[in-house]
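Chemist: Everything below, folded, please.
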Amino acid sequence: MTRTAKLSLLAAILFACVFSALVQRQLALNRQAVPPGTLYQVVREQLRAFRADDFASAYLQVSAGFQERFNIEAFSDLARTEYPALMHAERVEFGAVRFEGRRALVPVYFFLPDGDVIPCVYVLVNEDAAWKIDAARVLKRWPAGRRLGGMRS
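Modeler: Next up is the predicted model:
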């Protein structure tokens, strides 16, 4: 291989690396450009529908992958039997959104009338330019009176 060919190959490899880094950076900036309120609204809409016993509207907030795993009847039964406390929370608060690839992880805290807090992590995915709920993992309940972190004024 001639010196010119070697230099051309090295330049092409360097160009490909720089181009790839710029594309990755742009993709990361695009993910971060999603305002957290957009993601919070998806969860709020589903909770509003649950509270109105409108499971058809709540089902519209879930991803196609979720809909492949659960039909609307199974989804309604799951919500009624496994998550009734979440539907009747007095207050809902959201944590900092974290992006992992094409997924967004949204911490949600459900404050119950008895003072307990149920933390959840919602996983949202972007489908057809809309964010959809792909999963919700309920974490261990925090008992009433447990001091939560953060600033108080």
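Chemist: Ramachandran angles for D53?
Modeler: Dihedral pair for D53: phi 50, psi 30, per degrees, to the nearest 10.
Chemist: That one: neighbouring residues, count only.
Modeler: For D53, the count of nearby residues is 12 (other C-beta atoms under 10 Å). Just so you know, the C-beta spots here come from the backbone N, C-alpha and C atoms, and that holds for glycine as well.
Chemist: Can you show me the strands along the chain?
Modeler: Taking DSSP state E as the criterion, the chain carries its strands at 91-94, 98-100, 103-111, 117-127, 130-138.
Chemist: nearest to S20, of the ones you listed?
Modeler: Minimum separation from S20 across the strands of the chain (C-beta to C-beta) falls at strand 98-100, 19.2 Å.
Chemist: what helices or strands is the closest one leaning on?
Modeler: strand 103-111 (3 or more C-beta pairs under 8 Å, 6 or more residues apart in numbering; DSSP states H and E).
Chemist: The strand it packs on versus strand 117-127: what angle between them?
Modeler: Using axes from the mean of the first three to the mean of the last three C-alpha atoms, to 10 degrees, one finds that strand 103-111 and strand 117-127 are set 150 degrees apart in direction.
Chemist: Strand 103-111: partners in the sheet, and parallel or antiparallel?
Modeler: When pairing is defined by DSSP bridges, strand 103-111 lines up against strand 91-94 (antiparallel), strand 98-100 (antiparallel), strand 117-127 (antiparallel).
Chemist: Report the rounded mean pLDDT for the second one.
Modeler: Per-residue confidence for strand 98-100 averages out to 92 on the pLDDT scale.
Chemist: ok, now stretch 144-153?
Modeler: 61.
Chemist: mind listing the helices for this protein?
Modeler: For the chain, helices defined by DSSP state H occupy the ranges 3-32, 36-51, 55-59, 64-69, 72-82, 84-87.
Chemist: now for those helices, which one comes closest to R141?
Modeler: helix 84-87 (8.4 Å).
Chemist: and the strands of the chain as TSV, adding mean neighbour count?
Modeler: Below are those laid out as TSV (neighbours: other C-beta atoms under 10 Å):
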stretch	mean neighbour count
strand 91-94	14
strand 98-100	11
strand 103-111	19
strand 117-127	18
strand 130-138	17
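Chemist: Right, I'll leave it there.
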